[in-house]
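Novice: coords below, sequence missing:
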């Protein structure tokens, strides 16, 4: 358990620091016979990229390069290595505060663990690492598409403004289009505007806000997930809680289940087109840790960005004196919209991994 | 990833079905030199055992037997195998409904995955499997104690009644005593009574209620947890979401973070006795996935018990016809209090595993 | 990596000490829908059992009990837990030498690692642990049989007497019958007699001899094994070198390859019944770490049993003085014949694991 | 188990094809606080590089680039990503034979597994992948050095010429110097000449020869290795058998144990400077799978290079007709000398991994 790998048969290993030479990942391994181009990856990276008036001013083209595993436009069943060079790293911005441990950040804990830290923008703990997750997730998402599985993420809540859309009744493609059409990635346009306002207000104050990302996966085959510890929801919680800034993960009804009665929470079982189906989906598509064929619904609580320019109490770790810190740099006042593709990526990786374990995704697509 | 193992250097493998011959686990392996008796395990199992007017009427002495790994009262560094015989299994109660898939249960999903299921009380998907987790967790808890680490779980909420205690200000031993003194395991006695009333009401109706379990770990050394995927919170989420009936997991501020500003959520860093400390603990003791020395705070949302005796819609899986089901048997109207030691166990296992990975718990305690 | 688990999707965890209460294993998990009885396991255990004039006089009925994972005679896809009680343990035999570390045994190294050891007959390091491997291997072998794959082990060499049979030209069932018909498990009867003589001689002297076990697997589907580190041969070497007393593992031509020319060692590729085939099998059925459809051929070098009654130099670990030791007890003068089913078991576990990873063995046999 | 990762706490993931853009690895993760430069890696890569009259004419500078995990000349405890660009790849040499499956190579088995293969020089199955292992191994070797552990590999045998040196009596630095002073890496100069002659003869015939690599590790602390499946020797066998062209692995006495008596094979235990020591080292430094403090001795049988220019029988996989193949290109007539640093690398990785698991190598070297 060295920390930078995730997955069993579709295993993603990421590497790289925020202001190092590059960030990247190795995906060991997608099935052979998948058509794969850098463009497939790039379109997902572009969704994660900073840009727009509500996000960090760091300018990264974030062009992905595929270094292995693809030959003549097709995967070979061998590891796909990808990297993105860090172009607009400005470590000098961090020099003045390199001895101050930033509240809400991993500065102190990395020091406690390793006795040393890369102070340039958070180093390995920076959310820049998620570039690599999104690149790996792009392969997972492409694979899901090959099997008719849709996955869509969006902003469910920012700063107290909650989108009330009932995804189960909606066409996921439309949810996607509506969410992608605004900078906060909320599929309800009026709520999107209110959210944007909240973010702008926070930005003006040098402050930040949090929110909730929701990801829905449709057409998941029943039977994914393992009994006991490797339940589908357990692995998803593992994958999603490991994303920077996530403080909570829930499935289906999630925390709201605690105020429901059993008779209300149990999803009635019915026949639909002769198949087992569920009238409601409090289960979030997972029963006993195994997919039931209904939408898998995941929600992640994203904390307000810890980098704020309001003065905060901290300690100078060299002199061991209390002091104040003002975190400058190019930070997002709200990381929620940019977290959407990251949560999608991690959920997609989980589902694909289980599909390979279950034998639904074979080792080569050329036999299909 | 076969599903029934958890942990890297302290790896727990559980086995057994609800109405099979026994349930058990293998813990591979506690460090050598730990004094360990069946009594150490038994006292935790007794906390999980059914009994009392608010829980299942299944009568299991749940006597643990240690079959290996302990010699002359001391661990050897080799696997500790433990088992508990199933004495009061009454599979015949399930015979009449063996073709009906119970709403809220794993009946359908196990069938979808395996093409067959053990219909006797949920088989492997039954919460009876958690006997084995609690047994393994008892070893983990004993190890934590050797290193001065306290861990306490309690009921934070049942059926809308929320305990408002601020654990950070409290002596954990007192929290424990107060929680253990009532059948709902809530450390606030007036709330405990209200909760108990809610559970009784549900029971009378043949219905059920859910709630929130909270676990606090004090004196966790800073530096536990790995960067990126194997963050301490990620592994805890993995461990806890895999417990039957859990629909959400949160750390520290959890889902409430989404309505806070960054300036409010960031825990100010100060010196206390010359050491880095935090004025508040929204982080729940974890920053960047690594422990910061403050209390690790975990909350789990527990759904209302799916077994209810109110008629529910379902499908007869043999005839493929819609029908109704009434689930009889000896069920808990609220599983929350009995889930407390299970969540404690899983959190303890996570912490111990990371302490071994970090080298804080050595392979033998005899050198200390 | 706690040491007592092996395999990815077919994962075997063993536990137990030589003179503890029992030895056992958890197999997580065979596919659902496999008919499985204790008798299936027992017949393999009986092959490993001591007995006969050439082996240990320890009398163990070695009756296996299946505690989980099987319902109505069929696997459920959940962990199969099995145990064998230790009936004829006589720890008192070891009491007089408990401070003397036995040459060729793990006494010193367990002490070095754990600071303590179970001195009763080697404890966890005893070959008694292989009971559990054979039990797990029995399930693997049954699964191989379901897919038309044959696996047979036999004694290739003992004490310089080498069986020269060319297995590739033989019916494996006959090899099996012939090998099982004599106490040294050698399929050539004249060599078997010579071997037996060597073993008897060694026994009379209170000495011991070593040998070579060979295991052949026929009808292995091409495509098993993963590139690079998890090659089929690498995993087999891992599995087999971990068996007590094994000092070397080879595949196909093995060490004899070092004196061959490339033109001689490369197996010519031809068509047989329209399919790719090989004129010779120096590869031992594995090319680039992946099965090629030919016989998988594995050989293990087994050292002479370290327990001998001839006086040997050693150290008293309590007094730290040099001394002599005479190891009494009920030891095999040659462990080779009893190692045959153990090597078979480990190879079978490897092959089944890869068949599950490859999706050839599905998660449930009921769909086939 | 996706195949391209090895190790638990020191985990190496490699990627890349022979004629793709690059080969590389991620090492997750060396402890923090290790001084590490590209030069540390380069000197090991230079030992593996083709060049000299006895090896492949492929001209690769094999310059390594460190992309992450090192900051200000020191490791951070985060993944070290390294790559080497493929400069002198000439895939066109393989175009004429892309439908012919080469005897002794993985061409057929990759096709059987993945339905497609990268025909450019073996793709992922090429020994070019070992560049990445050697790079990772360079970090492991540097770590061993920090703890006073020496590791040296050399050629024990080529084409029937066997070096008879008794390493146990020698200074390892001298063995190293002598081995590195000749193109076959044999520390006995007269044998080295004979070996070189054999290789030249084979080269002239368009043929190839095999041999034995031996690696010795001195000053290994006692106590490394886990009971049962993850024995030190089992993991080494796993690591070494996974190297291309290896057909056998042995520890200490290895296969020669099969003709020894127990009284001869057991290493007598004595006191040396008041510590437990062994008069002989048939054990190869490992008893019961755990290091005993003596030299760890590993030998690997390397088959004759399968690429030979003598015509061989094969099959055209497109037309499915029998035909002949002549493998041109720039091949080593004997891969043994270049395999030496690869075996060293894999053994070093194993030892370091166990030292981290045992807590002997801490997570940060800065505390030491």
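Specialist: That came through, no problem. As the structure is a prediction and not an experimental result, all values here were calculated from the model.
Novice: which residues touch the helix or strand hosting residue A:196?
Specialist: Assigned by DSSP states H and E, residue A:196 belongs to helix A:189-204. The contact list for helix A:189-204 (Cβ atoms under 8 Å, 6 or more residues apart in numbering or on different chains) reads A:54, A:155, A:158-164, A:178, A:181-184, A:186, A:208-209, A:211, A:304, A:333-334, B:261-262. Quick note: C-beta positions are derived from backbone N, CA and C, even for glycine.
Novice: shouldn't residue A:216 be in contact with residue A:166?
Specialist: No: using Cβ atoms under 8 Å, residue A:216 is not in contact with residue A:166, being 11.0 Å away.
Novice: Pick out whichever of the two has more residues nearby.
Specialist: Using other Cβ atoms under 10 Å in any protein chain shown as the criterion, residue A:216 and residue A:166 rank with residue A:216 on top: 25 against 6.
Novice: And the helices in chain A?
Specialist: Using DSSP state H, the helices of chain A run over residues A:38-48, A:107-114, A:130-146, A:172-180, A:189-204, A:232-241, A:262-265, A:336-357.
Novice: Throw those helices into JSON lines and include mean pLDDT and mean neighbour count, thanks.
Specialist: Shown next, in JSON lines, are those (pLDDT from 0 to 100; neighbours: other Cβ atoms under 10 Å in any protein chain shown):
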{"stretch": "helix A:38-48", "mean pLDDT": "95", "mean neighbour count": "19"}
{"stretch": "helix A:107-114", "mean pLDDT": "96", "mean neighbour count": "26"}
{"stretch": "helix A:130-146", "mean pLDDT": "98", "mean neighbour count": "26"}
{"stretch": "helix A:172-180", "mean pLDDT": "97", "mean neighbour count": "16"}
{"stretch": "helix A:189-204", "mean pLDDT": "96", "mean neighbour count": "18"}
{"stretch": "helix A:232-241", "mean pLDDT": "98", "mean neighbour count": "30"}
{"stretch": "helix A:262-265", "mean pLDDT": "97", "mean neighbour count": "22"}
{"stretch": "helix A:336-357", "mean pLDDT": "98", "mean neighbour count": "28"}
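Novice: Write out the residues of the stretch 1-150 of chain A neighbouring chain C.
Specialist: Contact residues, the stretch 1-150 of chain A versus chain C (Cβ under 8 Å from any Cβ of the partner chain): A:8-9, A:77-78.
Novice: And residue A:52, what's its pLDDT?
Specialist: According to the prediction, residue A:52 has pLDDT 69.
Novice: sorry, that was for residue A:329
Specialist: pLDDT, residue A:329: 69.
Novice: Check the stretch 151-300 of chain A for the residue nearest chain B and tell me.
Specialist: Per Cβ to the nearest Cβ, residue A:288 is where the stretch 151-300 of chain A lies closest to chain B, at 2.2 Å.
Novice: so that residue makes contact with residue B:125?
Specialist: Yes: between residue A:288 and residue B:125 there is a contact under Cβ under 8 Å: 4.2 Å.
Novice: Mutual contacts of those two, please.
Specialist: Applying Cβ under 8 Å, 6+ apart, one finds that residue A:288 and residue B:125 are jointly contacted by A:227, B:105-106, B:110, B:244.
Novice: Between those, which sits nearest chain C?
Specialist: Of all these, chain C sits closest to residue A:227, with 6.0 Å by Cβ to the nearest Cβ.
Novice: Quick one: closest of the helices of chain A to residue A:24.
Specialist: Nearest to residue A:24 among these is helix A:130-146; the distance by Cβ to Cβ comes to 5.7 Å.
Novice: How about that closest one and chain B, any contact?
Specialist: No: using Cβ under 8 Å from any Cβ, helix A:130-146 never reaches chain B; the gap is at least 8.8 Å.
Novice: Could you do stretch A:295-303 as well?
Specialist: Yes: on the criterion Cβ under 8 Å from any Cβ, stretch A:295-303 is in touch with chain B at A:301-303.
Novice: can I get those in CSV with neighbour count and pLDDT?
Specialist: Converted to CSV, those look like this (neighbours: other Cβ atoms under 10 Å in any protein chain shown; pLDDT from 0 to 100):
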residue, neighbour count, pLDDT
A:301, 31, 98
A:302, 30, 98
A:303, 29, 98
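Novice: So what's the residue count around the residue in the stretch 251-368 of chain A that chain D sits nearest to?
Specialist: Among all residues of the stretch 251-368 of chain A, residue A:366 sits closest to chain D, at 3.6 Å; criterion: Cβ to the nearest Cβ. Residue A:366 sits with 15 neighbouring residues when counted by other Cβ under 10 Å.
Novice: how about it, what does it touch?
Specialist: By Cβ under 8 Å, 6+ apart, the contact list for residue A:366 reads A:32-33, D:114-116.
Novice: still on that earlier bit, export the helices of chain A to JSON lines and append columns for distance to residue B:14.
Specialist: Formatted as JSON lines, the helices of chain A follow (distance: least, Cβ to Cβ, whole Å):
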{"stretch": "helix A:38-48", "distance to residue B:14": "38"}
{"stretch": "helix A:107-114", "distance to residue B:14": "30"}
{"stretch": "helix A:130-146", "distance to residue B:14": "29"}
{"stretch": "helix A:172-180", "distance to residue B:14": "37"}
{"stretch": "helix A:189-204", "distance to residue B:14": "44"}
{"stretch": "helix A:232-241", "distance to residue B:14": "14"}
{"stretch": "helix A:262-265", "distance to residue B:14": "26"}
{"stretch": "helix A:336-357", "distance to residue B:14": "19"}
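Novice: tell me the phi and psi of the residue in chain A sticking out farthest from the centre?
Specialist: No residue in chain A sits farther from the centre than residue A:319, which is 37.2 Å out by Cα atoms, centre = their mean. According to degrees, to the nearest 10, the main-chain angles of residue A:319 amount to phi -90, psi -10.
Novice: Identify the residue nearest the residue of the stretch 151-300 of chain A closest to chain B in space, chain neighbours excluded?
Specialist: Excluding its sequence neighbours, the residue lying closest to residue A:288 (Cβ to Cβ, 6 or more residues apart in numbering or on different chains) is residue B:106, at 2.2 Å.
Novice: pretty sure the one you found is touching residue B:129, no?
Specialist: No: counting by Cβ under 8 Å, residue B:106 stays clear of residue B:129, with 11.3 Å between them.
Novice: Which strand residues bridge residue A:32?
Specialist: residue A:364 (DSSP bridges).
Novice: how close does it get to residue D:117?
Specialist: Using Cβ to Cβ, to the nearest Å, we find residue A:32 at a distance of 9 Å from residue D:117.
Novice: Residues that sit against both of those two, list them.
Specialist: Listed as contacting both residue A:32 and residue D:117 by Cβ under 8 Å, 6+ apart are residue A:76.
Novice: does the residue farthest from the centre of chain A really touch residue A:100, like I thought?
Specialist: No: with contact defined as Cβ under 8 Å, residue A:319 does not reach residue A:100; the gap is 10.1 Å.
Novice: Give me the distance between residue A:144 and residue A:34.
Specialist: Going from residue A:144 to residue A:34 by Cβ to Cβ gives 12 Å.
Novice: do residue A:46 as well
Specialist: In this view, residue A:46 and residue A:34 are 21 Å apart by Cβ to Cβ.
Novice: Equivalent analysis for residue A:104, please.
Specialist: To residue A:34, residue A:104 is 40 Å away according to Cβ to Cβ.
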